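Enquirer: Just to be clear, the model below is a prediction. Sequence and coordinates:
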Amino acid sequence: MRSKIFSAALLLIAATVTAQEKGTLKKTPISQPLVKHIFTADPSAHVFNGKIYVYPSHDFEAGIKEDDLGSHFAMRDYHILSMDSVGGKVTDNGIALDIKNVAWAGRQMWAPDAAFKNGTYYLYFPAKDKSDVFHIGVASSKNPAGPFTAEKEPIKGSFSIDPCVFKDDNGSYYMYFGGIWGGQLQKWTTGKYIADAQLRKPNEEAILPRVAKLGADMKSFTEEPRNIKIVDSNGKLFLESNNDKRFFEAAWMHKYKGKYYFSYSTGDTHNICYAVGDNPYGPFTYKGVVLKPVEGWTNHHSIIEVKGKWYLFYHDVQISGKTHLRNVKVTELKYNTDGTIIPIEAYK
């Protein structure tokens, strides 16, 4: 009897090892997808008129081979999600903007964001133009769920990806943006597009994200985009080799107890990190990790306050298991008494 039990145990161990090698074992997630009928990613969440609106990317299977430039992320429209409360019923409000209705855009409508001013809602989105160069467009609507009408041209002076629009307490609006690798930020380090520009070497200073103040029309910059300095505790910029802390993509800004929290993805090391500063332009001092790596290659988030509690919106690949077919989620975010964020592990 003992030998049979021992043999069964060996078989179980062998089966577990085989499953691990094949990647078929899955962790238990702390939250479930907001919707399952479509694939969604890169959630930018906002509270408008007491209701939560989520502005995500809309993933679909385009049949394009995966590469480091993200060619397989071939998104072509946006669906806006809404809910009355976190954990409540989620509504898919249908197509809010389709690439066929954006005159300047060629392909790849990536992670968007939204803002509200004077009765109008604005949808900010990156897309490649007809020459395959990323710029950031803007569309407007009287309804937070759309449909949105796009401007005929992208925002003048805009480039790269992942716009985040932040409204400060004084009513000023700022756009944070940028993404290296497929996001093309490395091609703009001189202020002009250089098609064959290379990524930084490990011993060089990491490429920095950008910020620009928006004009009163919410459709233009009032200034040339500025570099955002993310520094360590000694005030030094990170090197490219510090890829567990340096900026890759997915900028987000929120304010907590008078401080500016700039959070972002480290990309190839899959962390969502954050840094804190005293003004919207920085510099921002690195403080730690918000969200540890999720299943799937990408990591992209937003942070908002809802009725006195803070929440992190993010994505993983729970439904599909495929990097380019993601699903949006939400979980509560908490702070320590000193203002630091308690790191979140997306799986039990």
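Expert: Done, it's in. Numbering: from 1, shown residues only.
Enquirer: Now do the same contact list for Val240.
Expert: Residue 240: Glu, not Val. Residues in contact with Glu240 (CB atoms under 8 Å, 6 or more residues apart in numbering) are Leu199, Arg200, Lys201, Pro202, Asn203, Glu204, Glu205, Ala206, Ile207, Arg246. Placement of C-beta: from N, CA and C, glycine included.
Enquirer: next one: Val133
Expert: Going by CB under 8 Å, 6+ apart, the list of residues near Val133 reads Phe159, Gln184, Tyr193.
Enquirer: In contact with the second one, which residues?
Expert: Yep, that's Gln184 we're talking about. Contacts of Gln184 (CB under 8 Å, 6+ apart): Val133, Phe134, Phe159, Ser160, Ile161, Tyr193.
Enquirer: for the last one, same thing?
Expert: Residues counted as contacts of Tyr193 (CB under 8 Å, 6+ apart) are Val133, Phe159, Gln184, Lys187.
Enquirer: what residue ranges in this structure are flagged as low confidence?
Expert: Scanning the chain for pLDDT under 70 picks out 1-25.
Enquirer: tell me, what residue is most central in it?
Expert: In the chain, the centroid-proximal residue (CA atoms, centre = their mean) is His300; its distance is 3.2 Å.
Enquirer: in the sheet, who's paired with Ile52?
Expert: Val47, Met83 (DSSP bridges).
Enquirer: can I assume it is in contact with Leu34?
Expert: No: at 10.0 Å, Ile52 does not count as touching Leu34 under the criterion of CB atoms under 8 Å.
Enquirer: And the helices in the stretch 1-150 of the chain?
Expert: Remark: helices assigned in the stretch 1-150 of the chain by DSSP state H, counting those that start in this stretch are 2-22.
Enquirer: so Asp268 sits in a strand?
Expert: No: assigned with DSSP: H, G, I helix; E, B strand; the rest coil, Asp268 falls outside any strand and is helix.
Enquirer: excluding its backbone neighbours, what's nearest it?
Expert: Closest residue to Asp268 apart from its sequence neighbours, by CB to CB, 6 or more residues apart in numbering: Asn243 at 5.8 Å.
Enquirer: Mind checking what secondary structure that neighbour has?
Expert: Going by three-state DSSP: Asn243 is coil.
Enquirer: Touching, it and Thr269? I think so.
Expert: Yes: applying CB under 8 Å, one finds Asn243 in contact with Thr269, separated by 5.2 Å.
Enquirer: and for those two, which residues touch both?
Expert: In contact with both Asn243 and Thr269: no residue, using CB under 8 Å, 6+ apart.
Enquirer: ok, back up a step: closest one to Asp84 out of the contacts of Tyr193, please.
Expert: Phe159 (37.1 Å; CB to CB).
Enquirer: Show the contacting residues for that closest one.
Expert: Phe159 makes contact with Val133, Phe134, His135, Ile136, Gln184, Leu185, Trp188, Tyr193, Pro225, according to CB under 8 Å, 6+ apart.
Enquirer: Dihedrals phi and psi, it?
Expert: phi -160, psi 170 (degrees, to the nearest 10).
Enquirer: Going forward, count from 41.
Expert: Shifting the count to begin at 41 puts that one at Phe199.
Enquirer: what about the nearest residue to Phe113 once chain neighbours are set aside, which SS state?
Expert: Spatial nearest neighbour of Phe113, excluding adjacent residues (CB to CB, 6+ apart): His364 at 5.5 Å. Following three-state DSSP, His364 is assigned to coil.
Enquirer: wouldn't His364 be in contact with Lys105 here?
Expert: No: applying CB under 8 Å as the test, His364 and Lys105 come out as separate, 10.7 Å apart.
Enquirer: Report the set of residues contacting both of the two.
Expert: By CB under 8 Å, 6+ apart, the residues touching both His364 and Lys105 are His112.
Enquirer: Of the two, which one has the most company?
Expert: Using other CB atoms under 10 Å as the criterion, His364 and Lys105 rank with His364 on top: 23 against 6.
Enquirer: got a list of what the more buried one touches?
Expert: Contacts of His364 by CB under 8 Å, 6+ apart are Asp99, Glu101, Glu106, His112, Phe113.
Enquirer: And it, how far from Asn183?
Expert: 29 Å (CB to CB, to the nearest Å).
Enquirer: Kindly report the same for His98.
Expert: Taken as CB to CB, the span from His98 to Asn183 is 18 Å.
Enquirer: and if you look at Lys327?
Expert: Lys327 is 37 Å from Asn183, by CB to CB.
Enquirer: Now the common contact residues for Ile92 and Leu74.
Expert: Joint contacts of Ile92 and Leu74 (CB under 8 Å, 6+ apart) are Met123.
Enquirer: Val370 and Ser71 touch, don't they?
Expert: Yes: Val370 lies in contact with Ser71 (CB under 8 Å); the separation is 6.2 Å.
Enquirer: okay, these two: which has more neighbours?
Expert: Remark: of Val370 and Ser71, Val370 carries more neighbours, 25 against 20, as counted by other CB under 10 Å.
Enquirer: if we can go back for a sec, so for His98 and Asn183, which sits in the more crowded spot?
Expert: Comparing His98 with Asn183 by other CB under 10 Å, the one with more neighbours is His98, at 20 against 13.
Enquirer: ok, that one - contacts?
Expert: His98 makes contact with Ile78, Phe79, Thr80, Met115, Arg116, Asp117, Tyr118, His119, according to CB under 8 Å, 6+ apart.
Enquirer: Let me know the closest of the residues you listed to Gly146.
Expert: For the contacts of His98, the nearest to Gly146 is Arg116 (10.5 Å; CB to CB).
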